[in-house]
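[1] Give me a 3D structure for the following:
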Amino acid sequence: MTWDNHFAVMVFPYLLKGLQVTIIATLCSFALAVCLGLAIAVLEKITRGPIFFLISGVTHFIRGTPLLVQLFFLYYLLPYANITLPAFGCGILGFGVHYATYLSNVYKSGIEAIPVLQWEVSKACNFSPFQTWRYVILPQAIRPVLPVLGNYFIALIKETPLLSSISVMEMMGEASLFGDMHYRYLEPITMVGVLFLALGMVARGCVGSMTRILGVLREKDDHSTSSLKKPYENSEMDPSENLIS
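    Numbers count the residues shown, from 1 in each chain. So this is what the prediction gives:
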C-alpha cells in the first residue's frame, strides 16, 4: 500500500474535528483530576478512622483497575442503576477520577514536604484550619509539584484514544471510522500519530516553560531569603539584641 495524498487531504478535516474533541476532553478531564486529586489529598491528610480507610481503599481500587474497564463500567453498567450519562460525560468522569487518584499522590508529596514548623506557626498565629491550608500549606505544596502535574497532563493526552471505545469520536475514532468506510488505514492512522506527536510536543514545551519559570521564581525566593540574613552574617551580636536596641 502506498501513500495517497488525495485520500490524506480527504481525511484531514475529519481528523481536525476529532482533534477538537481530543483537546476539549483532555482539558476537561485534567481540570476535574486536578481539583478532585487535591480534595483527595487534603481529605487523606485531615481524616482518620473509617473515613480515611474508605478514601484510601477507593483510590487504591481505582489505581489498580484498568482505565478502559472503568470507562466501560460508567458507559454500559451505570444505566442499570438508572443513571445515564452521555458518552462524552462518561469519558470526562472516567478520565478525571482515574487521574485524580494519581494526582492525589503528587499533592501529598508536596504537602508532606512542608516543614512541621509551618503548621506550628500557623497554629501560634491562631489561624483556622481553613486559613492554614488556604494561605500557608497549599501555596507552598502546589508550586513545586506543578511540573509533575504537567507530565500527567501529557500522559492523559496520549490515553484519549480510549474514548473511542465508548463511541466518543476523538481523533482515533474519526480515523478508524474513515478507514472502515474506505478500507484504507495508512493515511488516517499515520496522520493521527503525527497529530498526537505535535500535541505532545506543544504540551511538553509548555511544561518545560513552566518549569523554567518556577526555577526563576525559586531563585528569587532564595535570594530574598539570603538577603534578609546578610545584616547578621558578620555580626557576633544576637539578632534579637539588634531588634531590642
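[2] Which helix in this protein has the most residues?
    Longest helix of the chain, by residue count under DSSP state H: helix 186-229.
[3] what mean pLDDT would you report for that helix?
    Across helix 186-229, pLDDT averages out at 79.
[4] Does anything pack onto it? Which helices or strands?
    When contacts are defined as 3 or more Cβ pairs under 8 Å, 6 or more residues apart in numbering; DSSP states H and E, helix 186-229 packs onto helix 5-46, helix 138-159, helix 171-182. Heads up, the C-betas are built off the backbone N, CA and C, glycines and all.
[5] Next, format these as a markdown table and append mean neighbour count, distance to residue 96 and mean pLDDT.
    Below are those laid out as a markdown table (neighbours: other Cβ atoms under 10 Å; distance: least, Cβ to Cβ, whole Å; pLDDT from 0 to 100):
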| stretch | mean neighbour count | distance to residue 96 | mean pLDDT |
| --- | --- | --- | --- |
| helix 5-46 | 17 | 3 | 94 |
| helix 138-159 | 17 | 9 | 92 |
| helix 171-182 | 19 | 19 | 91 |
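[6] hang on, the earlier thing: tell me the angle of the longest helix of the chain relative to helix 5-46?
    Here helix 186-229 points in a direction 40 degrees away from that of helix 5-46 (axes from the mean of the first three to the mean of the last three Cα atoms, to 10 degrees).
[7] coming back round to it: kindly reformat the helices and strands packed on helix 186-229 as TSV containing distance to residue 197.
    Shown next, in TSV, are the helices and strands packed on helix 186-229 (distance: least, Cβ to Cβ, whole Å):
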stretch	distance to residue 197
helix 5-46	12
helix 138-159	10
helix 171-182	12
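[8] Tell me which of the ones you listed lies nearest to residue 201.
    Nearest of the helices and strands packed on helix 186-229 to residue 201, taken as Cβ to Cβ: helix 138-159 at 9.7 Å.
[9] That concludes my questions; thank you for your assistance.
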